[in-house]
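Enquirer: output the structure for:
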Amino acid sequence: MKNKTLLFGIGLAAVALGLTIVKRRRVMCAERWSKELASSIPKTALVTGASSGIGEAYARRLASLGYDVILVARREERLKSLAADLQQRFGIHTEILTADLSTPQGIERIEKHISELDKIDFLVNNAGFAVFGNFAEIPIEEQMGLINCHTIASVRFCRTVLPGMIARNRGAIVNVSSIGAFTPKPKDVTYCASKAYLNVFSEALQMELAETHIRVQVLCPGFTITEFHDHPQYAAYQLKKNIPRWLWMTSEAVVAESLKRLAEGGVVCIPGFKNRLIIGAARSGLTGSLLKLLRSLLTGDGDPEADLA
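Expert: Now for the predicted structure:
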């Protein structure tokens, strides 16, 4: 009995020590990050998908922290308006680049620009879209466009910025994924798979960079109030009407939590306690029940055969 009590005590002490070490490591990471932000050294961020949603929120937040920003998206007028606003508000330098990252040509254009600059300190790979429907019925060109935008562009841009970051021994990369990376579902096959790739890629990349001061994060938001779900392919589901308001987050809240976790050295960021519960359920083998619940919210009748957006 005494031996069991002793072992139990040792176990508790080990857990307490481990938690203390983790907490101290987070504090040290946050302190180092604060010093980097406070430094007078000029800093430049590149944000893809910057014309709206999480990308726009990230561009605004980084500009407020003193970063010059390079804004990448397809909609030139949106970018011009955002760039002018950021310059006026924060007195930083902005640059806009229009590109369709679902195409090899668009990716190569941005990649070439990054390599010529060699000064990106913060990369946000946010550009993305969905191709909704049965995999066997969607043209392969659309599927490959999604993979280009989510996966190929992110990988190539990471590879292009990293040599400079390593040479300076500082920098940050945020790859925007989704809780869909943890909850594969029908009609979103390629979307979920591409996001799952980003998760593993980001975690492994941070392991490789463990001895540097470069931070890598994969951001996995859930339902976020953006233009993403306004696309006609989601119109029949009226997601913003049928999904309870408490399940949604604003882009600004997602970015705030992302930056907080980045400062602490967190690699996988699932913003919002409710989203972490959803992921916990998925990892516990409750994916089927979770999907049925979401179908019920979307259709109003709980029909397990209903399509899930």
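
Enquirer: which element is Asn175 on?
Expert: When secondary structure is defined by DSSP states H and E, Asn175 falls within strand 171-176.

Enquirer: that strand packs against which elements?
Expert: The contact analysis (3 or more Cβ pairs under 8 Å, 6 or more residues apart in numbering; DSSP states H and E) places strand 171-176 against helix 53-64, strand 122-125, helix 153-168, helix 189-208, strand 214-219, helix 251-264. The way it works is simple: take the backbone N, C-alpha and C, and place the C-beta from them, glycine included.

Enquirer: now do stretch 56-72: distance to the chain's middle.
Expert: Distance of stretch 56-72 from the chain centroid (Cα atoms, centre = their mean, to the nearest Å) equals 15 Å.

Enquirer: now do it: distance from first to last residue.
Expert: 10 Å (Cα to Cα, to the nearest Å).

Enquirer: circling back to that earlier point, reformat the helices and strands packed on strand 171-176 as CSV; add mean neighbour count, distance to Thr44 and mean pLDDT.
Expert: Listed next are the helices and strands packed on strand 171-176 as CSV, based on neighbours: other Cβ atoms under 10 Å; distance: least, Cβ to Cβ, whole Å; pLDDT from 0 to 100:
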stretch, mean neighbour count, distance to Thr44, mean pLDDT
helix 53-64, 24, 9, 97
strand 122-125, 27, 7, 98
helix 153-168, 19, 10, 97
helix 189-208, 18, 20, 97
strand 214-219, 25, 15, 98
helix 251-264, 20, 17, 96
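
Enquirer: would you turn these into a markdown table with distance to Leu277?
Expert: Shown next, in a markdown table, are those (distance: least, Cβ to Cβ, whole Å):
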| stretch | distance to Leu277 |
| --- | --- |
| helix 53-64 | 21 |
| strand 122-125 | 26 |
| helix 153-168 | 27 |
| helix 189-208 | 18 |
| strand 214-219 | 18 |
| helix 251-264 | 15 |
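
Enquirer: nearest to Glu108 among those would be which one?
Expert: Across the helices and strands packed on strand 171-176, Glu108 has its closest neighbour in helix 153-168 (8.4 Å, Cβ to Cβ).

Enquirer: what about Leu62, distance to Leu79?
Expert: 15 Å (Cβ to Cβ, to the nearest Å).

Enquirer: now the strands for this protein?
Expert: 44-48, 68-73, 94-98, 122-125, 171-176, 214-219, 224-225, 249-250, 268-269 (DSSP state E).

Enquirer: need those strands in a markdown table (columns: distance to Tyr58).
Expert: A markdown table is the format used below for the strands of the chain (distance: least, Cβ to Cβ, whole Å):
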| stretch | distance to Tyr58 |
| --- | --- |
| strand 44-48 | 5 |
| strand 68-73 | 9 |
| strand 94-98 | 14 |
| strand 122-125 | 5 |
| strand 171-176 | 7 |
| strand 214-219 | 9 |
| strand 224-225 | 12 |
| strand 249-250 | 13 |
| strand 268-269 | 13 |
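
Enquirer: weakest of those by average pLDDT?
Expert: In terms of mean pLDDT, the lowest-scoring of the strands of the chain is strand 224-225 (a mean of 74).

Enquirer: for that one, packing partners?
Expert: strand 249-250, helix 251-264.

Enquirer: quick revisit: in its sheet, what does the strand holding Asn175 sit against?
Expert: With DSSP bridges as the test, strand 171-176 is paired with strand 122-125 (parallel), strand 214-219 (parallel).
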